[in-house]
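**Q** fold the following, please.
(one chain, ligands or ions: 1)
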Amino acid sequence: MISEVISTKELPKMDPVFGQLSFDDHEQIVFCQDKDTGLKAIIGIHNTVLGPALGGTRMWTYNSEWDALNDVLRLSRGMTFKSAITGLNLGGGKAVIIGDAKTQKTPALMKRFGEFVHSLGGKYITAEDVGMETADMDLVRDVTPYVTGISESRGGAGNPSPITAYGVFMGMKAAAKHQFGSDVLEDKKVLVQGIGHVGETLVEHLTNEGAKVVISDINEERLQAISVKYGASIFRGKDLYEADMDIYAPCALGATINDESIAKLKARVIAGAANNQLANEVRHGAMLKDKGIAYAPDFLINAGGIINVYAELEGYGKKEIIQKTENIYNTTLEIFAHAAKNNCTTHQSALSIAQSRIEARKSSKNS
Ligand SMILES: NC(=O)c1ccc[n+]([C@@H]2O[C@H](COP(=O)([O-])OP(=O)(O)OC[C@H]3O[C@@H](n4cnc5c(N)ncnc54)[C@H](O)[C@@H]3O)[C@@H](O)[C@H]2O)c1
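**A** This next block holds a predicted model:
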């Protein structure tokens with residue numbers, strides 16, 4: 001099954017759950033509703049062969065429930081492969097809360113959500129994603145132990161975003177090494193789309209290395225603040241994908257790599273934090289390959305966050321978190337070599353390695 005973004009209009013034409021295009025043998029989908037707090041959430045458990053399904057909770061103003069369902073199906077599936085390729089004993093899961101994190105997120109809503117997570121008995125473990133803060137996970141922790149990404153003062157590993165950004169930076173350097181022959185990013189023009197929790201720290205690493213950083217975000221206030229703080233230029237053009245850049249770093253939401261954007265892109269490398277960057281994994285992966293654009297698979301290079309939260313379950317410290325995250329550099333280089341050898345896309349290459357690990361565990365469980 002291919003993971004593909006389809007239009008909201010097309011979604012209702014299919015069967016509601018098992019018939020969705022993004023449904024890919026998911027084990028369990030849980031719909032959660034609580035009238036008193038206004039909670040409307042969906043928890044997606046894709047696969048638990050390697051361990052409990054761990055993945056963050058996203059709060060977003062979805063256009064429709066179909067969009068929310070589609071998002072949780074795609075995101076939870078991505079988590080399965082992210083943990084598998086990173087060598088973690090975790091399955092893939094994710095949750096979405098429908099609503100505006102700025103105006104509708106309340107402590108009562110977060111705790112009620114935590115109770116739903118708890119009802120799954122540890123099959124799903126949550127953490128932060130877009131629209132969530134460490135403080136929100138602390139509220140969830142009040143009602144369930146099945147949460148990571150809690151604050152250090154409560155025994156957690158803290159906000160995973162800086163580690164995610166460091167992993168993306170490592171993956172970007174490896175992709176640059178493959179494409180330009182050097183992993184030094186000094187003077188490379190890097191466009192960072194989305195300067196939130198992860199994007200900001202990525203901007204910091206890039207600035208420290210002497211890259212020419214251009215930033216874009218829908219939040220004007222944030223753009224001004226980050227521009228002043230790091231001396232980054234703000235993208236003010238009409239069409240971001242047509243901009244002159246060496247490296248495109250998608251760090252906002254997914255599916256920005258599609259027919260239209262690939263046709264325009266001048267970047268030679270794509271490496272960013274956003275999940276599910278390819279609107280259609282097969283089609284757009286192949287289009288990038290044909291255009292000679294080095295694409296560092298999202299689920300491989302944005303694994304720093306899951307490495308960080310996994311530490312809370314396994315009890316390893318900061319040193320090991322950093323080591324494991326730095327290893328993203330080597331794995332990314334291996335994926336480029338594997339893809340070239342097998343004449344496939346980097347996405348297919350990373351996916352096949354992740355799938356092999358899951359299949360091997362399944363066989364050993366069954367034997
Ligand atoms: N936080 C993590 O540790 C982590 C780990 C793995 C993957 N990711 C992924 O990385 C991405 C960013 O995560 P985050 O935690 O920084 O989220 P965030 O909510 O802190 O930041 C996202 C930023 O993107 C901006 N944005 C939204 N739509 C945009 C658009 N169309 N154009 C430009 N900017 C836009 C928002 O205004 C915000 O500043 C997400 O896709 C997330 O799933 C995050």
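
**Q** could you check the pLDDT of whichever residue of the chain sits closest to the ligand?
**A** Going by Cβ to the nearest ligand atom, the ligand is nearest to residue 196 of the chain, at 1.7 Å. C-beta coordinates here come from the backbone N, C-alpha and C atoms, glycine included. Looking at residue 196, its pLDDT reads 95.

**Q** so it is in contact with residue 272, correct?
**A** No: counting by Cβ atoms under 8 Å, residue 196 stays clear of residue 272, with 11.9 Å between them.

**Q** what does the chain have sitting close to the ligand?
**A** Residues of the chain lying close to the ligand by Cβ under 6 Å from any ligand atom are 128-131, 160-161, 164, 193-199, 216-219, 222, 251-253, 273-275, 302, 305.

**Q** just the buried members of these?
**A** Among the residues of the chain next to the ligand, the ones that count as buried by 16 or more other Cβ atoms under 10 Å are 128-131, 160-161, 164, 193-199, 216-217, 222, 251-253, 273-275, 302, 305.

**Q** can you flag which of these belong to strands?
**A** In strands, defined here by DSSP state E, the members of these are 193, 216.

**Q** low-confidence regions, the stretch 1-150 of the chain specifically.
**A** Applying pLDDT under 70 to the stretch 1-150 of the chain flags residues 1-4, 12.

**Q** residue ranges for the helices of this structure, please.
**A** For the chain, applying DSSP state H gives helices covering 65-86, 107-119, 134-141, 161-180, 197-209, 220-230, 259-264, 281-291, 298-301, 304-314, 318-342, 346-366.

**Q** so which of those helices is the most packed in?
**A** With neighbours defined by mean count of other Cβ atoms under 10 Å, none of these is more surrounded on average than helix 298-301, at a mean of 27.

**Q** output stretch 20-29 as PDB - backbone C-alpha positions only.
**A** Presented in PDB, the C-alpha positions along stretch 20-29 are these (Å, rounded to 0.1, in the frame of the first residue of the first chain):
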ATOM      1  CA  GLN A  20      -8.800   4.600   3.300                       C
ATOM      2  CA  LEU A  21      -5.900   4.900   1.000                       C
ATOM      3  CA  SER A  22      -3.600   5.700   3.900                       C
ATOM      4  CA  PHE A  23      -4.800   2.600   5.800                       C
ATOM      5  CA  ASP A  24      -1.800   0.200   5.700                       C
ATOM      6  CA  ASP A  25      -2.600  -2.800   8.000                       C
ATOM      7  CA  HIS A  26      -2.900  -0.500  11.000                       C
ATOM      8  CA  GLU A  27      -3.600  -2.600  14.100                       C
ATOM      9  CA  GLN A  28      -6.000  -0.300  15.900                       C
ATOM     10  CA  ILE A  29      -7.700   3.100  15.500                       C
END
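
**Q** in it, what's buried?
**A** For stretch 20-29, by 16+ other Cβ under 10 Å, it's 20, 21, 22, 23, 24, 26, 27, 29.

**Q** surely the first one is in contact with residue 14?
**A** It stands for residue 20. Yes: contact criterion Cβ under 8 Å: residue 20 and residue 14 qualify, at 5.6 Å.

**Q** tally of neighbours for residue 343?
**A** Residues near residue 343, counting by other Cβ atoms under 10 Å, number 8.

**Q** which residues touch the nearest residue to residue 178 once chain neighbours are set aside?
**A** Counting by Cβ to Cβ, 6 or more residues apart in numbering, the nearest residue to residue 178 once its immediate chain neighbours are dropped is residue 336, at 4.3 Å. By Cβ atoms under 8 Å, 6 or more residues apart in numbering, the contact set of residue 336 is 174, 175, 178, 294, 346.

**Q** ok, the second one - contacts?
**A** The contact partners of residue 175, taken as Cβ under 8 Å, 6+ apart, are 247, 269, 270, 271, 294, 295, 296, 332, 336.

**Q** so what's it scoring on pLDDT?
**A** In this model, residue 175 is scored at 98, pLDDT.
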